[in-house]
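What shape does this take:
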Amino acid sequence: MRRKLQMDAILPYVIALLVTGSCTAVGIKMSPYVDEENFCMLYLLGVVLVSCRYGRWASLFTCVLSVASYFFFVVSPHFTMIKYDGSCALTFVAMFVVALTMSGLTDRVKQHATELDAKVRERTHELAVANEALKVEIVSRATAEERLQGAVEELARSNTALAQFAKIASHDLQEPLRSLRGFTDLLTRRYEGKLDERADEYIEYINDCGRRMERIVESVLSHARVQGCDRPFQTVDLNDALKEAMQNLEVAIKESKATITVDKLPTVKGDALQLVQLFQNFLGNAIKFRRDEPLKVKISCASSIGLDEMATYVDHEEGMPHAYWHLSIRDNGTGFESRHTNDVFTMFKRMHSGQVYSGTGIGLAICKS
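This is a model prediction of the structure:
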């Protein structure tokens, strides 16, 4: 290792000797044909070559050797350094300046090259680290997407099974409920007024429970139908859907003296029956939970483009994002606290006692579905 370092240190000076010797040999051979002054450029070329490759000290060494060789071997009288003109000093100064200039430029180029190489290595390392991190992120995201897809598929299967179970269970419950209602009606017709007052009260209580149970079963069936609906979407005018819902609630609207204000609604793609049910449930909910003052309902609509540039949905058939419509239904009813926002859309979750407001607690859950 030490010997190699010594050889590396000596090599520039050996090259300087060889270059100077080569220039001298060429000068001696060509001296009969070329003027002596022109050989100065040959030595100058040697100085430039050494300074470009080996730096300052080797170039200065070449400069001294070149001047000595030029005046000792090439310029007459030969084999003597005693010259009586100023060309010796001028040549030496010229070569010295060239050697310093070229070696300085070479050092700068080498320094810039070293700095550039260091920056390239640093950037390469940073890119390698970033690339590895990106690979990990890609693998992590791919794994997360696979898990998410699996969870979505499992959830879809669970929802389908649950909806099917609810449909079957609700359907099977209808038959015993019909029998219960039939027998209680029979009891009412045959024994009303013939037993004591307490017995009539019990029979009426059974009738009320049966009717309430029928409403619950019908609501569960409606929820199951919404969950399991696979009808293809059609073009639906929301104005027509709302009009039909208001016709279904005509009596309740008149009794509550409700004032319903409606903006011009758009035409969308959807299930016409479910959209009618959606409006009917929301309006029915507003009528049920009204205050003593006259009920006022405002139905408005705005495009998502005017709300939020990211408010889009993806059409799975076309695979393209589209803007959607934002419908707002406001009323001056009793309302609820913001902390109950999620609860009101949960099945059988009620904000009020069933003795105060009748119902099954499924209406808004159907809207959410």
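
Low-confidence regions, the stretch 251-369 of the chain specifically.
304-323, 334-369 (pLDDT under 70).

And the strands in it?
For the stretch 251-369 of the chain, the strands defined by DSSP state E, counting those that start in this stretch occupy 259-262, 267-270, 296-303, 312-315, 320-323, 325-331.

Export the ones you listed to CSV and append columns for distance to residue 105.
C-beta: built from backbone N, CA, C; applies to glycine. Output for the strands of the stretch 251-369 of the chain, formatted as CSV (distance: least, Cβ to Cβ, whole Å):
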stretch, distance to residue 105
strand 259-262, 84
strand 267-270, 74
strand 296-303, 67
strand 312-315, 61
strand 320-323, 59
strand 325-331, 70
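
Among those, which comes closest to residue 104?
Nearest to residue 104, of all the strands of the stretch 251-369 of the chain, is strand 320-323, at 62.3 Å by Cβ to Cβ.

At which residues are the helices of the stretch 1-150 of the chain located?
Assigned helices in the stretch 1-150 of the chain, in chain order: 2-30, 39-54, 56-69, 87-191 (criterion: DSSP state H, counting those that start in this stretch).

The nearest residue to residue 328 once chain neighbours are set aside: how many residues sit nearby?
Nearest residue to residue 328, sequence neighbours excluded (Cβ to Cβ, 6 or more residues apart in numbering): residue 300, at 4.8 Å. For residue 300, the count of nearby residues is 14 (other Cβ atoms under 10 Å).

ok, now which ones touch residue 286?
Neighbouring residues of residue 286 by Cβ atoms under 8 Å, 6 or more residues apart in numbering: 258, 295, 297, 329, 331, 333.

sorry, back to before: how close does the residue nearest to residue 328 get to residue 247?
21 Å (Cβ to Cβ, to the nearest Å).

Among the strands of the stretch 251-369 of the chain, which comes closest to residue 63?
strand 320-323 (73.9 Å).

what about residue 236, which helix or strand?
strand 234-237 (DSSP states H and E).

After that strand, heading C-terminal, what element do we hit next?
helix 238-248.

tilt between that following helix and strand 296-303?
160 degrees (axes from the mean of the first three to the mean of the last three Cα atoms, to 10 degrees).

who wins for proximity to residue 268 among the helices of the stretch 1-150 of the chain?
helix 87-191 (23.7 Å).

Helix 56-69 and that closest one, what's the angle between them?
Helix 87-191 runs at 160 degrees relative to helix 56-69, counting by the same axes, to 10 degrees.

Can you check which of the helices of the stretch 1-150 of the chain gets nearest to residue 271?
Closest to residue 271 of the helices of the stretch 1-150 of the chain, according to Cβ to Cβ: helix 87-191, at 15.3 Å.

What is that closest one packed up against?
Using 3 or more Cβ pairs under 8 Å, 6 or more residues apart in numbering; DSSP states H and E, the elements in contact with helix 87-191 are helix 39-54, helix 56-69, helix 197-227.

The nearest residue to residue 57 once chain neighbours are set aside: what's it in contact with?
Nearest residue to residue 57, sequence neighbours excluded (Cβ to Cβ, 6+ apart): residue 12, at 7.5 Å. Applying Cβ under 8 Å, 6+ apart to residue 12 gives the contacts 50, 53, 54, 55, 57, 58, 61.

what ranges do the helices span in the stretch 251-369 of the chain?
Counting by DSSP H, counting those that start in this stretch, the helices of the stretch 251-369 of the chain are 272-288, 363-368.

Any idea how many residues pack against the nearest residue in space to residue 70 that is not next to it in sequence?
Of all residues not flanking residue 70 in the chain, residue 43 sits nearest, at 5.3 Å (Cβ to Cβ, 6+ apart). Using other Cβ under 10 Å, residue 43 has 25 neighbouring residues.

give the contact list for residue 43.
For residue 43, the contacting residues are 20, 23, 27, 66, 67, 69, 70, 95, by Cβ under 8 Å, 6+ apart.

got these as a markdown table, with distance to residue 193 columns?
Shown next, in a markdown table, are the contacts of residue 43 (distance: Cβ to Cβ, whole Å):
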| residue | distance to residue 193 |
| --- | --- |
| 20 | 141 |
| 23 | 141 |
| 27 | 147 |
| 66 | 141 |
| 67 | 144 |
| 69 | 146 |
| 70 | 146 |
| 95 | 139 |
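
and of the residues you listed, the nearest to residue 197?
Nearest member of the contacts of residue 43 to residue 197, counting by Cβ to Cβ, is residue 95, at 135.2 Å.

How is this structure partitioned into domains?
Structural domains assigned to the chain are 2-120, 149-214, 231-335, following automatic domain parsing.
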